[in-house]
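A.B. asks: here you go, sequence then predicted model.
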Amino acid sequence: MDKILEGLVSSDHSVPVKRAIVKKVVEAAEKEVTEEQCQSLFTLTTRFILLGEDAFQRQIGLQVLDAYARYHRPEFERFFSKDFVLSLLQQGYDQLDRKDPAIIDYIHCCLRLLISCPSVLEIFGVIQVEVLRMVCERPEPALCARLNTLLSDFVQCIPRDKSGVLFCQQLVRTISYFHCFASQERELGEYISQVTKVSTLLQNIWKADPATLLPSLQEVFAIISSTDPAFDPSIALASLVQHIPVQMITVLIKSVTTDHNVKDANMTKALCRMIDWLSWPLAQHVDTWVIALLKGLAAVQKFTILIDVTLLKIELVFSRLWYPIVRQGALAVLSHMLLSFQHSPEAFHLVVPHVVHLVQSLRADGLSTSKAFLLQFTELIHCMMYQYSGFPDLYDHILDAIKDLPRPGEEKIKLVLNQSAWTSQSNSFASGPLRQAGKSETGKTGLVNLGNTCYMNSIIQTLFMATDFRRHVLSLHLNGSNTLMKKLQLLFAFLAHTQRAAYAPRNFLEASRPPWFNVGSQQDCSEYLRFLLDRLHEEEKTIQVLESAKPKVSSPVDTNSKDPTGQTSPAEGQESSLTPAETKPGNDGRTLIETMFGGNLITGIRCLQCNCISEKEEPFSDLSLAFCPSATSQGSPQPEGPSEEPKVLCQGSVNGGSEIPEAGSAKAPASNAHFVPATNEPPLSVPDLVNYFLAPEILDEENAYFCEKCSSLQRAERTMKVVSAPEYLILTLLRFSYDAKSHVRRKILDNVTIPPLMRLPVHGPSIPTQCSSSTSSPLQVDSPESSENLAKKLKPSQKDEEEEEKERIERSVPYVLSSVVMHSGISSESGHYYSYGHNISGADGTQHPANHFALEEDLGNGQAECSLSTCSALSIPPEQGETQPNSGQEARDWLLFNDSRVTFSSFRSVQNITNRFPKDTAYVLMYRKQELPGQSINGGLMANGMRLSAEPPLQKELLDAIIKDNKLYLQEQELNARTQALQAPSSSCSFRPNGSDDNNPPGSCGPSGGGGGGGGGGFNTISRLVF
C-alpha cells in the first residue's frame, strides 16, 4: 500500500485522479493490514507531512496518517514512541531542522490521535523537558506561537512546579528577543498575532498556577532595567501588561520604587522601556502602569529620574498621538508627564513645534474619535500655555490653530495644575510612613482614601459637621465596648484632635461597609449613609433591649445623654420633640439616630369616588427627592408634561476620574448618560423638589386603588405629609434613573439651587370622618422613598380641600443648610464624592445672628402665611448668602472636604459649583433644624434643648488613643526626616516643584485620595489612579 501511495504521488496523473486513488487507500484502512505495512505507511506519511514538496503532498500525508492511526491504534502507538518524539525535538527529521515549526505541528497532530493511549503520558513527560530546553534557546516567534497552540491543547505538556516557574521566566526572556523587520502590513499582522498567542499562553499559565506570576514579573523588570548596551529588549513585552491584574499595581510599584537594590540607572532604563511600550498595538493598561510608576517615583521623591525620562521620552510619547490605535494611552501618559513637570517649560517646549501639525491632522483625518480626542488634547495645550506664559513667539501659531475650540476657564486650569505636580502625588508607595505636611490652615482633619472610599469619607465628614450629633456621639460612655458607635466615636475623636493632616479610617471602613459592597469598588454614598444609620440605630435598640432585662445594671450609653430604656415605636404618632434626655424627667426610649435624624410621614389615600381616606404613618431618616418633569418654583408643581428633550453634553472635562461610586439606591437606578436642560427656564431649587415629593399623586388605570368601601378599584389621590420634623433633615436628590424606552442609565445633571435657609411644612394628624377605616388600611402603601415618587403628581383640584389642608398644618419649620455631598462625574459608574460643610464658629453650635434676624423677619412679616403649605426658601441678608469679594471672614464660613484635603470655601462656591463644573452636582444635603434665640422649634427653651452647649470633654480612653497615635506620628515624621537626609545625595533635586495638597479641584480624588474625579474641570484622559 505504501508503494502504491508513493508511486501515485510522484506520477503525472491529474489531481482529481490522485484524490480518487487516495480515497481508496484511506478506505482500505478499515481492512486488516499487517504491522509491517502500517509502519511503512506511517513512515511514508510522516515524510509527506514534514518534507512534502507542496501542500497536496502534506494534505495526503495527513489524511492517510489519520485514517490508519485511528483503525490501527496499537501499531501507531509503537511507531510514535517517546524515543521518536525525542529524536524529532532534539535532532529534527532528515534535513528538517529541529527548530522548524513543522515539527511541532506534526507532534501536535499525532498527540490528538494518541490522546486515549497510556503511552501518551510518557510522551507528555518528554515534551515537558524539551519545551523548557527549547524556550531557553530563544526560538523565533513563529515557533513559539506553534508551541503555544500545542501547550494550550495539551496542558499536560506544560512544565510544573519549579520547572513551571523557570519555563515562564524563560518564555518572558524569549519574548524580549522577538524582533520584526518586516515592512508589509500582512507580515506585521502575522508577527503581532504570534506574539499575542505567546502572551496568551503565559496568561493561561498564570491563571492556572498563580505562583508563577510574581517570578515572571520580576523577570520582566530584570529585563527592562538592564543597562547592558548590547541588549535592547523587544517592545513585544508590552503584550504581557494586559494580562497582569491591575490590582497588583500597588504592590508591584511599591516593591520596585522602594527597593534599595534597584539603582537609579536601572530604574531610568525600566521607565524608558515601559514608555516605549506605548507603541505596541492592542496592548491594554500600558498607560496605567507607566503613570503608576511615574507617580510611585514622585512619591519617593525620585525627581532626578523623572526629569531625565521626561526630557528623553516626551517627544516619542507625543509622536504616538499620530496613530489612532495607541493615541488614547499615549495622551494619558503625555498629559501626566507635562502636567507634573512644573518646574520648567523645557519639556513642553520640546513638543510645541509639533502641536499645530497634529491639530491639522486630527481635523482632516475624518475619524469619528478624532474630534473628541482633539478637544482633550487642546485642553491640555491650554493648561500648559497658561502654566508657561510669556512665550508669544512660540504660542501664537498654536492659538490660531485652535481658536475655534473650547478653552477651559482659568480656575479649571489652576485646579488641574495644582493637583498634578510631583509634590501632590500620593506617598502611598513610600517604604516608610506617609510624609504629611501637617494640617491645612482650616485646622480640620482629612480622611485618607483607602481605595475608592470617597463615598465613605464624604459621609463621615458630613456627619462630623452635624455639630449636635457629633457632640452627643463624643459624650457617650462606651468604654470597653466594640460596637459600631464606639468606632464612630473614636473616628470623630481622631478627626477632632489628631495632629495628622489626614486620618486613615481603616477600622471603621471594615466595620461599617455593607456586606454587599465589594472591597475596593466604587459605591453609592447615599446607600452607605442609609446603611450606616440603620446599623447604628439597630445596634442601640439591641442594647436597649438587653439593658431593659437588667434594670440595676448601668447602660453602656451615657445616661447624661440618653436613657436606653423605654423604647417606643416612632410609628405611633409621637411628636418629634428633641428635648435632651439629660434634662427630661423621663425618656421616650428613642435611639440617638431617631432623635437626630428621625421624622415621621403620613401617607394618605383618598378614594375619589366615596372620599374614604386611609392613612399610614411611617418613620423616615431621609427623603429621596425625584426630579419632576416640569417644575415651578415656590409651590406645588402644575400638571405639566415632560420638559423638552435634553441635549447630550459632548465636551469632556478636566481630570478624568478613576474613583467610581456606584450610583443610586434601589429607588434610583444608575445612569451613564449625562444631560443638561435644553430650556431657558430658571433652575430647580431644593424646595421645588420637596414640594414635588409632597404633592398629591393621582392613582388610576394600572395604579388604581382598591377601596374597601367601594369594594372595587377606584381612582384615588395619594398624599404625603410630614408630621414629625427631624433635628437633621437629610435630602437625597435622585439623580440616577433608568430610561425604559432607550434602555440606558442616565444621570440628571440639572443644576439645583440650594437655599441656605428653608421652611418645611409640618402637619398635625388629620381627623377623617368619611371612612371607618381611615386610621389604618389593609392596603400596603408604598414607602415614601419608593420610586413611585417619579409618577405624575397633581395639585388638589377642589378649593375646600386646600382649605382643609391648611387647617391641618401646625407650623412651618425653618432649617439651615449644614452640609452638601457632591457627586462629580458624568454617570453613576464613574466620578468622585466630596462634601461641603458649614463651619460653625460659635461654641454653642448656633447660627450667626444674621440668620436669626432673617428667620424672625420672615416668620413675622406674612411670608410664612402665603406659602405655609409648601416648602420654601427663606430670605437672608446678602452677606450671609453670597461671599462678597473682599469678605475674608465670610469666605471661611464653609469647608471643602475632599478626602485628604480640607480647604476653606464659601457658600457662593456651594451654590455655583455646578455652573463652574457642570458634572459636579449636589447629591445628598443635610439641613439642621433652626431655632430662634431663646426659643425652641419644639416648644422648649434652647438651653434645655437637645443641643449640647459645647464640645464635650474627651474621655480618658479616647484621649489615650489619640495621645498614642500623635506620638507615633511624631516618630514617623522624625524617621522620614532622617531617611530623607540619608538619601539626599542620591535623590535630591535642585528645584522645588509647585503645588500644594490643599489646592486641588473639588471634583477629584486628589493626591492623598488616590484617584481623580470624573468632573471638576479637566481632561478625561488624565486618569487618576485609585491606589
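C.D. replies: Yes, it's here. Residues are numbered from 1 along each chain as shown.

A.B. asks: could I get the buried residue list for whichever helix or strand residue 218 is part of?
C.D. replies: Secondary-structure assignment from DSSP states H and E places residue 218 in helix 213-224. Buried residues in helix 213-224, counted by 16 or more other Cβ atoms under 10 Å: 213, 216-217, 219-221, 223-224. Backbone N, C-alpha and C define where each C-beta goes, glycine included.

A.B. asks: pLDDT of the helix or strand following that helix, averaged?
C.D. replies: Going down the chain from helix 213-224, the next helix or strand is helix 238-241, by DSSP H and E. Helix 238-241 shows an average pLDDT of 86 in the prediction.

A.B. asks: again, but for stretch 336-352
C.D. replies: Mean per-residue pLDDT for stretch 336-352: 84.

A.B. asks: for stretch 960-977, same thing?
C.D. replies: Mean predicted confidence for stretch 960-977 is 73.

A.B. asks: returning to that earlier point: name the surrounding residues that touch the helix holding residue 218.
C.D. replies: When contacts are defined by Cβ atoms under 8 Å, 6 or more residues apart in numbering, helix 213-224 is touched by residues 165, 168-169, 172-173, 176, 202, 206, 233, 237, 240, 244, 248, 252, 256, 269-270, 273-274.

A.B. asks: can you rerun that using 6 Å?
C.D. replies: 165, 168-169, 172, 176, 206, 233, 270, 273 (Cβ atoms under 6 Å, 6 or more residues apart in numbering).

A.B. asks: state the distance from residue 64 to residue 272.
C.D. replies: To residue 272, residue 64 is 55 Å away according to Cβ to Cβ, to the nearest Å.

A.B. asks: of those two, who's got more company?
C.D. replies: residue 64 (24 against 17; other Cβ atoms under 10 Å).

A.B. asks: Three-state assignment for that one, please.
C.D. replies: The three-state label given to residue 64 by DSSP: H, G, I helix; E, B strand; the rest coil is helix.

A.B. asks: in stretch 463-483, what's buried?
C.D. replies: So for stretch 463-483, counting by 16+ other Cβ under 10 Å, buried means 463-478, 481, 483.

A.B. asks: and it, how far out from the chain middle?
C.D. replies: Averaging C-alpha positions (Cα atoms, centre = their mean, to the nearest Å) puts stretch 463-483 30 Å from its chain's average.

A.B. asks: neighbours of residue 125, how many?
C.D. replies: Residue 125 has 13 neighbouring residues, counting by other Cβ under 10 Å.

A.B. asks: can you give me the distance of it to residue 160?
C.D. replies: Relative to residue 160, and taking Cβ to Cβ, residue 125 is found at 11 Å.

A.B. asks: could I get the full set of strands for the stretch 351-500 of the chain?
C.D. replies: Assigned by DSSP state E, counting those that start in this stretch, the strands in the stretch 351-500 of the chain fall at 446-447.

A.B. asks: and the stretch 601-750 of the chain, by the same measure?
C.D. replies: 613-620, 623-625, 647-648, 673-676, 684-685, 697-699, 705-707, 712-714, 716-724, 728-733, 736-739, 744-748.

A.B. asks: just checking, what packs against the second one?
C.D. replies: Contacts of strand 623-625 with other secondary structure elements, assessed using 3 or more Cβ pairs under 6 Å, 6 or more residues apart in numbering; DSSP states H and E, are made with strand 728-733.

A.B. asks: how about the nearest residue to residue 407, chain neighbours excluded?
C.D. replies: Nearest in space to residue 407, with sequence neighbours left out and distances taken as Cβ to Cβ, 6 or more residues apart in numbering, is residue 382 at 5.5 Å.

A.B. asks: burial measure for the one you found, as a count.
C.D. replies: Residue 382 has 22 nearby residues by other Cβ under 10 Å.

A.B. asks: my read: it touches residue 405, true?
C.D. replies: No. Using Cβ atoms under 6 Å, residue 382 makes no contact with residue 405, being 9.0 Å away.

A.B. asks: residue 69 is nearest to which of the strands of the stretch 601-750 of the chain?
C.D. replies: The closest of those to residue 69 is strand 744-748. By Cβ to Cβ, the value is 56.1 Å.

A.B. asks: next structured bit after that closest one?
C.D. replies: Next helix or strand after strand 744-748 toward the C-terminus (DSSP H and E): strand 752-753.

A.B. asks: contacts for that following strand?
C.D. replies: In contact with strand 752-753 (Cβ under 6 Å, 6+ apart) are residues 683-685, 922.

A.B. asks: distance of residue 819 from residue 524?
C.D. replies: Residue 819 sits 17 Å away from residue 524, going by Cβ to Cβ.

A.B. asks: of the strands of the stretch 601-750 of the chain, which is nearest residue 148?
C.D. replies: The closest of these to residue 148 is strand 744-748. By Cβ to Cβ, the value is 39.8 Å.

A.B. asks: which parts of stretch 119-135 are buried?
C.D. replies: Neighbour-count burial for stretch 119-135, with 16+ other Cβ under 10 Å as criterion, is recorded at 120, 123-124, 126-128, 130-132, 134-135.

A.B. asks: need the contact partners of that stretch.
C.D. replies: With Cβ under 6 Å, 6+ apart, stretch 119-135 has contacts from 77, 82, 85-86, 89, 114, 156-157, 159, 163, 167, 170-171, 174.

A.B. asks: and for stretch 699-706?
C.D. replies: So stretch 699-706 is contacted by 605, 713-716, 718 (Cβ under 6 Å, 6+ apart).
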